[in-house]
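Participant: Requesting a structural model of the entry that follows:
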Amino acid sequence: MAIVQLHHAGNRAPAELIGTTPVCPSDDPDTGARALTDAEVQAVIADFVAGAVRSERAGFDGVELHGAHGYLICQFLSSELNRRTDEYGGSLENRSRLLFEIIDGIRAACDDDFIVCVRLSPERFGMQLGEIRVVTQQLIDSGLVDFIDLSLWDCFKRPEEAEWKGRTLTEVATDIERRTDPSGRRVPLAVAGKIHDPADAERGARPRRRRRGTRASGHPAPRLPATTGARSRVHPESCAGQPRVPRRRGVVRGVHRLHVGMEGFVAD
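Facilitator: I've put the predicted structure just below:
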């Protein structure tokens, strides 16, 4: 299985490298990045979709949308960096709109068996752990993603926010209400950070096994805000008629429960 990671650096793109002023959801004096216009936001969405289409045509099995590490999707999710007053700023639903419209666009443009996954950071870069738990649940409930990759930097650390003290970041980030999508398909969650060998992987997976099917006391699972209608305004060109390299079907349905790589993550 081969998956391409798609990302836009946003305000983290060095001006001397890209040859122009970096962009961000809002003006960012700290980095000198300027706010994206509405038309540029739509272009960003279309560019992510186009990247997924090119990946599919090249024969890759899917894409991972990099919404972690302070890159552009993460910047839109951040209430600190995203101070927009349009439909892409303000509430969590608005701040996550870019991500969901990209996913909608990819699903409209690519084959049904094309894998789509999302990487998120629950801390740093203006992220709030409770909000990322909500976004994680929304992604699962959408039925549009195949797995979610949570980049924790350190799977065994305690959360920074006092509200979540007493448990590991892995336990809090993965303890959500529903792990199956509307079709009944289980959506794997992966966690990454300081997993260097199989012993670390087993240690990281163990809390989830103990807690499977339970809810943490004192921290109710997130309730999602009601949404009305479809989010997406994107109508990408169809891939119909374009040559594709055949891919293995159904690979993600049997995603391994435990995997250790160079970076290290546990998938359950």
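
Participant: in the stretch 51-200 of the chain, what spans have low per-residue confidence?
Facilitator: By pLDDT under 70, the stretch 51-200 of the chain has no low-scoring segment.

Participant: what ranges do the helices span in it?
Facilitator: 72-77, 92-95, 97-109, 129-142, 169-174, 198-211 (DSSP state H, counting those that start in this stretch).

Participant: The residue sitting nearest the centre point of the chain bridge partners, please.
Facilitator: Per CA atoms, centre = their mean, the C-alpha nearest to the average position across the chain is that of residue 118, at 3.1 Å. Residue 118 has the following beta-bridge partners by DSSP bridges: residue 65, residue 148.

Participant: Pull up the gap between residue 48 and residue 100, please.
Facilitator: Per CB to CB, to the nearest Å, residue 48 is found 12 Å from residue 100. No exception for glycine: its C-beta is placed from N, CA and C like everyone else's.

Participant: Residue 125 contacts residue 70, doesn't it?
Facilitator: Yes - under the criterion of CB atoms under 8 Å, residue 125 makes contact with residue 70 at 3.7 Å.

Participant: Please name the nearest non-neighbouring residue to residue 26.
Facilitator: Once flanking residues are discounted, residue 26 sits nearest to residue 83: 4.2 Å by CB to CB, 6 or more residues apart in numbering.

Participant: which ones are touching that neighbour?
Facilitator: 25, 26, 89 (CB atoms under 8 Å, 6 or more residues apart in numbering).

Participant: let's see it at 10 Å
Facilitator: Counting by CB atoms under 10 Å, 6 or more residues apart in numbering, residue 83 makes contact with 24, 25, 26, 27, 28, 35, 89, 90.

Participant: cool, and residue 142?
Facilitator: Shown in contact with residue 142 (CB under 10 Å, 6+ apart): 100, 103, 104, 107, 181, 182, 187, 231.

Participant: What's the PyMOL line that selects buried ones from those residues?
Facilitator: Buried members of the contacts of residue 142 can be picked out in PyMOL with the line below, counting by 16 or more other CB atoms under 10 Å:
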select buried, resi 100+103+104+107+181+187+231
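
Participant: Can you tell me which of the contacts of residue 142 is nearest residue 135?
Facilitator: Of all the contacts of residue 142, residue 135 sits closest to residue 100, with 9.1 Å by CB to CB.

Participant: hang on, the closest one packs against residue 116?
Facilitator: No - applying CB atoms under 10 Å as the test, residue 100 and residue 116 come out as separate, 11.5 Å apart.

Participant: Name the residues contacting each of these two.
Facilitator: Common contact partners of residue 100 and residue 116 (CB under 10 Å, 6+ apart): 139, 144.

Participant: State the pair within the contacts of residue 142 that is farthest apart.
Facilitator: Spatial extent of these (CB to CB) is set by the pair 187 and 231 at 18.9 Å.

Participant: anything in contact with each of residue 125 and residue 70?
Facilitator: 12, 78, 81.

Participant: can you pick the most crowded of those?
Facilitator: The most crowded member of these, judged by other CB atoms under 10 Å, is residue 81 (24 neighbours).

Participant: Can you tell me how far residue 153 is from residue 66?
Facilitator: In this view, residue 153 and residue 66 are 15 Å apart by CB to CB.

Participant: Contact partners for the nearest residue to residue 89 once chain neighbours are set aside?
Facilitator: Spatially, and ignoring its direct neighbours in sequence, residue 89 is nearest to residue 82 (5.1 Å; CB to CB, 6+ apart). With contact set as CB under 10 Å, 6+ apart, residue 82 has these partners: 24-26, 35, 74-76, 88-90, 94-95, 98, 126.
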